[in-house]
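S.K.: got a sequence here, can you model it:
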Amino acid sequence: MPTSSPADTPYDLAITGGSVVLPDGTAPHDIGVRDGLIVHIGAGPLVARRSVDARGKLVLPGGVDAHCHMDQQPWEGRSTADDFRSGTLSALCGGNTTVLPFAMQMRGQSLRAVVDDYHERASRKAHIDYGFHLIVGDPTHDVITQELPELIESGCTSIKIFLTYEGLKLDDYEILTMLDFARHEGVLVMVHAENEACIRWLTDRLLERRQTALRYHVTAHSEIGEREAAYRAISFAELIDTPIMIVHVSSGSVVDEIRRAQARGLRIFGETCPQYLFLASEDIDTVDMSGAKCVCTPPPRGRANQPAMWRGLLDGTLGIFSSDHSPWNYADKIAGGPDTPFTDVLNGIPGIETRLPLLFSAMQTKPGLTLSKFVDITTTAPAKLYGLYPRKGVIAVGSDADFAIWDADRNVTIRNEMLHHAVDHTPYEGTRVRGWPVMTISRGEVIYQDGEVTSNAGRGLFLPCERPFAPRRSPAPVLAERPR
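M.R.: Alright, predicted model coming up:
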């Protein structure tokens, strides 16, 4: 139930007349904010230094995008188009108030040095609050025994590992070692699940046959290879008895693997992204190079795959909906010209500003995608799973005063020129959506209103994340069993 605290002095901000989305449902309430926190939810009238009239609008907690890339170190010789300034600007204009990008360690690098550099980049540029996931590409003894424990204590409590990509992929022994470490520390491992050997073998065969068109990117990154890698990661998590998150799930067969694991009582989490619900492999297979705008890994699958993805999202198998914003300019993706082979097209698509509007609009055609479900999978569930709840992800007394105010009836045709990222395209060009965030409020400060940005770069704060699970210092159960 809404609660309130008495207003002995005027509130810094009051939001009045809106339909407020709370954990127990949506109802008309007034909200009072003081010192960046929510201190009143309930009846008015409220006296405040600034008031926002939200009549006819929905008041949602500010979105939490738990999977995005920005200001990342150069990948294959190129840097992401968005740094923290443009990336977080685009995020806030899409109704987000918190982002969780990745500090990426590759072979031979110090993870601590990478994170220190990332702090320096973010602190000067970020418009909204942020935390860091850690990408571990080289789990050396020093990284595991010294750097990671220190970084976890500082609030970086999620680790991403890759089963593919040169310079990042871990072998099976290293994967087991990282899962055992995560069990010991109570942190979450995120898994990019694609089978590296399958990708290399298929790519070599395609190149031998001179099959280099864009559509062969989907062939090389096969659904079977994704399914095998997901099953292997789930099996290893079961062996070690520790939770994992399979990120950017693209195929119905992987949804099935996660669903079966969850039915057995395993703590396996699943995430998907807009490209797997609103794009398809057919969008990559174009007569020109425009299909490169939809190239990412794993790739979008055929349109016939989309119903299985929606079922996974609606039945809770996939509990988080993130953008996987990975911004490369189209000009860089096809730097090799009109005959650029699929192997040379940079992987990744922008989507941090369009993530929420795309899914919000889908509520009108997808039975079961309620407003409460929308808020949960885009905002509340990621805040809980990554150790930010209840500071973020919910409208509640004591939480940060982070809000996105939506006009549910606004019709918008997505055009790249209207977006705030630093990318020269959007794969959703021309897509019509109904519903759009018209105001974003971060810690009680209005930072975006009706197309006008009032934020300043550098105002965002680093968010230390809590451990999502209790550390378990005992050995995995399989090691505790006594042979007979």
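
S.K.: which of the helices or strands spans the spatially most central residue of the chain?
M.R.: Centroid-nearest residue in the chain, with Cα atoms, centre = their mean: His67, separated by 2.4 Å. Assigned by DSSP states H and E, His67 belongs to strand 63-68.

S.K.: tell me how far that strand lies from the chain's centre.
M.R.: Offset of strand 63-68 from its chain centre (Cα atoms, centre = their mean, to the nearest Å): 4 Å.

S.K.: and if you look at stretch 222-231?
M.R.: Counting by Cα atoms, centre = their mean, stretch 222-231 comes out at 21 Å from the chain centroid.

S.K.: buried set for it?
M.R.: For stretch 222-231, the neighbour count (16 or more other Cβ atoms under 10 Å) marks Ser222, Glu223, Gly225, Glu226, Arg227, Glu228, Ala229, Ala230, Tyr231 as buried. (Glycine included, C-beta is placed from N, CA and C.)

S.K.: can I get the CA coordinates of it in PDB?
M.R.: Taking Å, rounded to 0.1, in the frame of the first residue of the first chain, the C-alpha atoms of stretch 222-231 are listed here in PDB:
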ATOM      1  CA  SER A 222      23.700 -21.200 -35.900                       C
ATOM      2  CA  GLU A 223      20.800 -21.800 -33.600                       C
ATOM      3  CA  ILE A 224      22.200 -25.200 -32.900                       C
ATOM      4  CA  GLY A 225      25.500 -23.700 -31.800                       C
ATOM      5  CA  GLU A 226      23.700 -21.300 -29.500                       C
ATOM      6  CA  ARG A 227      21.600 -24.100 -28.100                       C
ATOM      7  CA  GLU A 228      24.600 -26.300 -27.400                       C
ATOM      8  CA  ALA A 229      26.500 -23.500 -25.600                       C
ATOM      9  CA  ALA A 230      23.500 -22.700 -23.500                       C
ATOM     10  CA  TYR A 231      23.000 -26.300 -22.500                       C
END
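
S.K.: just for the stretch 1-150 of the chain, where's the confidence low?
M.R.: 1-8, 74-77 (pLDDT under 70).

S.K.: if we can go back for a sec, hmm, the residue nearest to the centre of the chain is touching Leu100, no?
M.R.: Yes: the criterion here is Cβ atoms under 8 Å, and His67 meets it with Leu100 at 7.0 Å.

S.K.: where do the contact lists of these two overlap?
M.R.: The contact sets of His67 and Leu100 overlap at His133 (Cβ atoms under 8 Å, 6 or more residues apart in numbering).

S.K.: and after the top helix by length along the chain, which helix or strand comes next?
M.R.: In the chain, assigned by DSSP state H, the helix with the most residues is helix 223-240. Counting by DSSP H and E, the next helix or strand C-terminal to helix 223-240 is strand 244-246.

S.K.: that following strand - what's its average pLDDT?
M.R.: Over the span of strand 244-246, the pLDDT mean works out to 98.

S.K.: list the contacts of the following helix or strand past that strand.
M.R.: Remark: after strand 244-246, the chain's next helix or strand is helix 252-263, criterion DSSP H and E. Defining contact as Cβ under 8 Å, 6+ apart, one finds that helix 252-263 is touched by 193, 223-224, 226-227, 230-231, 234, 238, 246, 249, 268-270, 301, 305, 307-309, 311-312, 315, 317-318.

S.K.: again, only this time at 7 Å
M.R.: Under the contact criterion Cβ atoms under 7 Å, 6 or more residues apart in numbering, helix 252-263 has outside partners 223, 226-227, 230-231, 234, 246, 249, 268, 270, 305, 308-309, 312, 317-318.

S.K.: likewise for stretch 19-33?
M.R.: Contacts of stretch 19-33 (Cβ under 7 Å, 6+ apart): 2, 7, 11-16, 38-44, 46, 48, 58-60, 371, 375, 394-395, 401, 444.

S.K.: filter these down to the buried ones, PyMOL style.
M.R.: Command for PyMOL that selects the buried part of the contacts of stretch 19-33, burial taken from 16+ other Cβ under 10 Å:
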select buried, resi 2+11+12+13+14+15+16+38+39+40+41+42+44+46+48+58+59+60+371+375+394+395+401+444
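
S.K.: which of the contacts of stretch 19-33 fall in helices?
M.R.: Short answer: these in helices (DSSP H) are Leu371, Val375.

S.K.: show me where the stretch 251-400 of the chain has strands.
M.R.: 268-272, 320-321 (DSSP state E, counting those that start in this stretch).

S.K.: just those strands: most buried one?
M.R.: Neighbour counts (mean count of other Cβ atoms under 10 Å) averaged over each of the strands of the stretch 251-400 of the chain peak at strand 320-321, with a mean of 27.

S.K.: re earlier: tell me what angle the strand holding His67 forms with strand 268-272.
M.R.: Between strand 63-68 and strand 268-272, the angle comes out at 100 degrees (axes from the mean of the first three to the mean of the last three Cα atoms, to 10 degrees).

S.K.: so what's Asn411 closest to, chain neighbours aside?
M.R.: Using Cβ to Cβ, 6 or more residues apart in numbering and skipping residues adjacent in sequence, the residue nearest Asn411 is Arg434, 5.4 Å away.

S.K.: any idea how far that neighbour is from Glu353?
M.R.: As judged by Cβ to Cβ, to the nearest Å, Arg434 and Glu353 stand 17 Å apart.

S.K.: comparing those two, which residue is more hemmed in?
M.R.: Glu353 (28 against 17; other Cβ atoms under 10 Å).

S.K.: quick one: the more buried one from Thr440, how far?
M.R.: Glu353 is 11 Å from Thr440, by Cβ to Cβ.

S.K.: again, but for Thr317
M.R.: 30 Å.

S.K.: for Arg85, same thing?
M.R.: 16 Å.

S.K.: who has more neighbours, those two?
M.R.: Neighbours were counted for Arg85 and for Thr440 using other Cβ under 10 Å; Thr440 has more, 28 against 20.

S.K.: what's the nearest residue to that one once chain neighbours are set aside sitting at in phi/psi?
M.R.: Nearest non-adjacent residue to Thr440, counting by Cβ to Cβ, 6+ apart: Tyr448, 4.1 Å away. Dihedral pair for Tyr448: phi -160, psi 130, per degrees, to the nearest 10.

S.K.: in the sheet, who's paired with Tyr448?
M.R.: Thr440, Val453 (DSSP bridges).

S.K.: mind listing what it touches?
M.R.: Tyr448 touches Leu92, Cys93, Met439, Thr440, Thr454, Ser455, counting by Cβ under 7 Å, 6+ apart.

S.K.: again with Arg355
M.R.: Applying Cβ under 7 Å, 6+ apart, the residues near Arg355 are Asp65, Gly94, Pro274, Ser323.

S.K.: surely the second one and Pro350 touch.
M.R.: No: counting by Cβ atoms under 7 Å, Gly94 sits too far from Pro350 to count as a contact (10.9 Å).

S.K.: and those two? which has more neighbours close in?
M.R.: Pro350 (31 against 27).

S.K.: any idea how far Leu318 is from the more buried one?
M.R.: The gap separating Pro350 from Leu318 is 21 Å, by Cβ to Cβ.

S.K.: kindly report the same for Ile38.
M.R.: 29 Å.

S.K.: list just the nearest of the contacts of Arg355 to Pro468.
M.R.: The shortest gap between Pro468 and any of the contacts of Arg355 belongs to Asp65, at 17.4 Å (Cβ to Cβ).

S.K.: okay, now the closest one: neighbour count?
M.R.: So Asp65, with other Cβ under 10 Å, has 31 neighbours.
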